[in-house]
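In: any chance you could fold what I've pasted below:
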Amino acid sequence: MPNNIKILLAEDQSLVRGALCALLQLENDLEVVAQAENGKRAQELLQEAEADLLLTDIEMPLISGIELIEYAHQHFPQLKTVIVTTFGRAGYIKRALGAGVDGFLLKDAPSEQLAEAIRKVMSGKKVIDPELAIAALDDTDPLSDKERKALRLAGEGKSTAEIAKLLFLSEGTVRNYLSEAIAKLNATNRIDAARIAQQKGWL
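Out: Okay, here's the model as predicted:
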């Protein structure tokens, strides 16, 4: 484990990002070397920051924290990853574990737990709240990755044509993905399906 743990912090809310940064800088062995306001910017900073650990929120513009972790593990396999979020939804936890996250913490956890969790992760341990991990085991995400992306954009109010353009798909294919998602979630329409999936942490 390095003497000073270099952290890249990704968080879209500036007040929260500033508070987390200030909190981490109080620890002698922790150093925030870069801050990103969204997942896309974090991807760029990973190229130059030489961070040991990525600390990220989940719900961010452009690229979610879970997608960011998938990218990080693919391109920077030595990088440790920790999610800190407001949402302890089973779907989020399950997807994060599937993406290979090393730690999953809630923002309302005591501040000293965050620093300690980072040290444990850097020593090779996984840090996941046991109750959240058990909840994730009992929760099954029925959506495919493509259905999830289409549904997320539909939930943002995008039209079928807009979704098709953003995902490089035909409008017919997008309609099929949304119909499948609606059926799997027993929803009344695409907005209802997006709402259900959001509540479950599947988007």
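In: can you pull the contacts of residue 148?
Out: 181, 197, 202-203 (Cβ atoms under 8 Å, 6 or more residues apart in numbering). C-beta coordinates here come from the backbone N, C-alpha and C atoms, glycine included.
In: with distance to residue 133, secondary structure and pLDDT added, can I get the residues you listed in a markdown table?
Out: Listed next are these as a markdown table, based on distance: Cβ to Cβ, whole Å; DSSP: H, G, I helix; E, B strand; the rest coil; pLDDT from 0 to 100:
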| residue | distance to residue 133 | secondary structure | pLDDT |
| --- | --- | --- | --- |
| 181 | 26 | helix | 92 |
| 197 | 21 | helix | 88 |
| 202 | 17 | coil | 83 |
| 203 | 21 | coil | 83 |
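In: buried ones among those residues?
Out: Neighbour counting by 16 or more other Cβ atoms under 10 Å classes 181, 197, 202-203 among these as buried.
In: list just the nearest of the contacts of residue 148 to residue 149.
Out: Closest approach to residue 149 among the contacts of residue 148 (Cβ to Cβ): residue 203, at 8.9 Å.
In: measure that closest one to residue 162 for me?
Out: 17 Å (Cβ to Cβ, to the nearest Å).
In: for residue 49, same thing?
Out: If you measure residue 49 against residue 162 using Cβ to Cβ, the figure is 33 Å.
In: same question for residue 174.
Out: Residue 174 is 9 Å from residue 162, by Cβ to Cβ.
In: who's more crowded, those two?
Out: Counting neighbours by other Cβ atoms under 10 Å for residue 174 and for residue 162 shows that residue 174 has the greater number, 25 against 15.
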